[in-house]
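# this one's sequence-less:
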């Protein structure tokens, strides 16, 4: 597979072919690690970071007190099983 190095601002860049992107499961914003091995450049997909809780994520874990029993059950299903609300 041959690709051409192009100018991108003050840097040089290569374009990854669609087939490489598909096989490596990359998408826009994916992080990769580059390593030089002699005259070779090796690319590795960086594992996706684990999802972290946001500032207001605690709201998903608090049971609503003023809701009817059926609505509380739905909120519990969402918390425990990820079911849609």
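Everything's here; your move. Predicted model, so just to flag it, every value in this text is computed and none were measured.
# Show me the strands in the chain, by range?
With strands called from DSSP state E, the chain shows them at 6-8, 11-13, 32-37, 40-45.
# how about a markdown table for these, with distance to residue 19, mean neighbour count and mean pLDDT added?
Placement of C-beta: from N, CA and C, glycine included. Shown next, in a markdown table, are the strands of the chain (distance: least, Cβ to Cβ, whole Å; neighbours: other Cβ atoms under 10 Å; pLDDT from 0 to 100):
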| stretch | distance to residue 19 | mean neighbour count | mean pLDDT |
| --- | --- | --- | --- |
| strand 6-8 | 19 | 9 | 93 |
| strand 11-13 | 19 | 8 | 94 |
| strand 32-37 | 16 | 9 | 93 |
| strand 40-45 | 14 | 10 | 91 |
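# got the ones you listed as CSV, with distance to residue 77 columns?
What follows is the strands of the chain, written out as CSV (distance: least, Cβ to Cβ, whole Å):
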stretch, distance to residue 77
strand 6-8, 48
strand 11-13, 47
strand 32-37, 38
strand 40-45, 34
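# What confidence value was assigned to residue 60?
Predicted confidence (pLDDT) for residue 60: 71.
# can you count the residues close to it?
Residue 60: 12 surrounding residues under other Cβ atoms under 10 Å.
# residues contacting it?
By Cβ atoms under 8 Å, 6 or more residues apart in numbering, the contact set of residue 60 is 78, 79.
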